[in-house]
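S.K.: Structure for the following, please:
(one chain, ligands or ions: 1)
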Amino acid sequence: MSQTPDKPRVLVGVTGGIGAYKSCELVRLLQRRGFSVKVVMTEAATRFVSALTFRTLTGEPVATSLWADEAESRVHHVSLAEEADVMTIVPCTANVIAKLAHGRADDMLTTTALATEAPLVIAPAMNTHMWRKDVTQRNVAALRARGVVFVEPGTGELACGDVGEGRLADVALIADAIEAEARRSRDLAGVRVLVTAGGTEEPIDPVRFIGNRSSGKTGFAIAEEAARRGARVSLVTGPTHLGDPYGCEVVRVRTALEMRAAVLARFDAADVLIMTAAVADFRPAAFAAEKIKKHEAPDAVPLERNPDILAELGERQSGVLLIGFAAETTDVVGNAREKLRAKRLDMVVANDVSDPALGFGTEANRVHIITPDAEEALPVLDKRVIARELLDRVASRLTPQKER
Ligand code: C5P
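M.R.: This is a model prediction of the structure:
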């Protein structure tokens, strides 16, 4: 890979199943499609196909052990993880799926898979009963929720003699999925994305504030995914328990006014603004410099309006792609469409927060994506997958602009 840095780089992981022989074909096919390929194998995989086969096909050393590369100056699993544009595991056994679902990293392949930020494409192959087991399906669902792409096994005659689901998918289909991920992993290169996240806190006195239930998860997931796809990302966030996402400028603010200042300072340098933040609509009209004593409790806390950051930027008609979020409890699509119009947005992501299992603080959500001329209802998805879906749409809106 070092010799051909311009080619997209795929790291092919091979695990111990009879389908391992087909990954030789996959390596060839990927090379024909213009990828540079390296291979990492589990110990079990080497029982089916020798490392020498892949060494010969790729002209590169094949990683099979965490302990075998004393000559390498860098930690090998980390360098493999970092240089890959896409990682794929073909075939992937039930055992390796289970390990990945639980974050285990006890050999070269699983350690690299855990260390990489590259998209992961998994093509499982196993006996029908193993594939159908609840536990396997739960592990697959857990990985999917984290954004792993599965190329589903096909139905047919299996090596064990059974006929059923579990056969490794067609190699050309696997290569297609890898190509799609490689494209996606670069589709925001150079795009400047400004994201807001979390809720704001509006202080009443030094210890009390008016806040809301936003966790910041969606905005953080969008920022991280955009950075992974090559965007230059600034994330302006209200208070949250989440750590800084990888590869982003992170600006931590508290109040709506602070968020407005931080967003305005970065807006002119942005191509896209994605406002996931739950900005408080009101703030206490007065701030008590000292903590209000129990016996001095006011009868009311007078409020004043906060500026609407997104509406203000919509007014400018700046050409920056403006995306708002709308949390609704009734007529989700109708209200969101009205917001799109009133704030002059390019897109609104609307979610129904009346279902306590979805939305605030949860991992998953069900959203509608609304543009002036279309609307789409997405199924219940993990917030990281929603981030990917949203950025797919952002990327396709930006491409024609960049080509102009
Ligand atoms: O009107 P509503 O508050 O429901 O609109 C939500 C959208 O507007 C979100 O994208 C939110 O980040 C943005 N917003 C804002 N400034 C406010 C209130 C909401 O930018 N003061």
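S.K.: Flag every residue of the chain that's near the ligand.
M.R.: 256, 275, 277, 279, 281, 306, 308-310, 324-326, 339 (C-beta under 6 Å from any ligand atom). Backbone N, C-alpha and C define where each C-beta goes, glycine included.
S.K.: Would you double-check that Ala226 falls in a helix?
M.R.: Yes: per DSSP: H, G, I helix; E, B strand; the rest coil, Ala226 lies within a helix segment.
S.K.: For whatever residue of the stretch 51-200 of the chain ends up closest to the ligand, what is the enclosing helix or strand?
M.R.: Distances between the stretch 51-200 of the chain and the ligand by C-beta to the nearest ligand atom are smallest at Thr196, namely 6.0 Å. Applying DSSP states H and E as the criterion places Thr196 in strand 192-197.
S.K.: Just checking: what are the partner strands of that strand?
M.R.: strand 232-237 (parallel), strand 272-275 (parallel) (DSSP bridges).
S.K.: Just name whatever secondary elements the helix or strand just after the longest one is in contact with.
M.R.: Downstream of strand 232-237, the next assigned helix or strand under DSSP H and E is strand 249-252. Counting contacts by 3 or more C-beta pairs under 8 Å, 6 or more residues apart in numbering; DSSP states H and E, strand 249-252 is packed against strand 232-237.
S.K.: Output the strand it packs on in CSV with nothing but the alpha carbons.
M.R.: The C-alpha trace of strand 232-237 is given here as CSV (Å, rounded to 0.1, in the frame of the first residue of the first chain):
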residue,chain,number,x,y,z
ARG,A,232,-13.3,19.8,8.4
VAL,A,233,-15.7,19.9,11.4
SER,A,234,-16.4,22.4,14.1
LEU,A,235,-18.7,21.2,16.8
VAL,A,236,-20.3,23.8,19.0
THR,A,237,-21.9,22.1,22.0
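S.K.: Near Ser318, how many other residues are there?
M.R.: 13 (other C-beta atoms under 10 Å).
S.K.: how near is it to Met347?
M.R.: Per C-beta to C-beta, to the nearest Å, Ser318 is found 15 Å from Met347.
S.K.: related to what we said a few turns ago, now do the contacts for the residue of the stretch 51-200 of the chain closest to the ligand.
M.R.: 219, 235-237, 259, 263, 273-277, 279, 309 (C-beta atoms under 8 Å, 6 or more residues apart in numbering).
S.K.: starting at the chain centroid, how far to the helix ranked longest in the chain?
M.R.: Determined from DSSP state H, the single longest helix within the chain is helix 383-403. Between the mean C-alpha location of helix 383-403 and the chain-wide mean there is a distance of 12 Å, by C-alpha atoms, centre = their mean, to the nearest Å.
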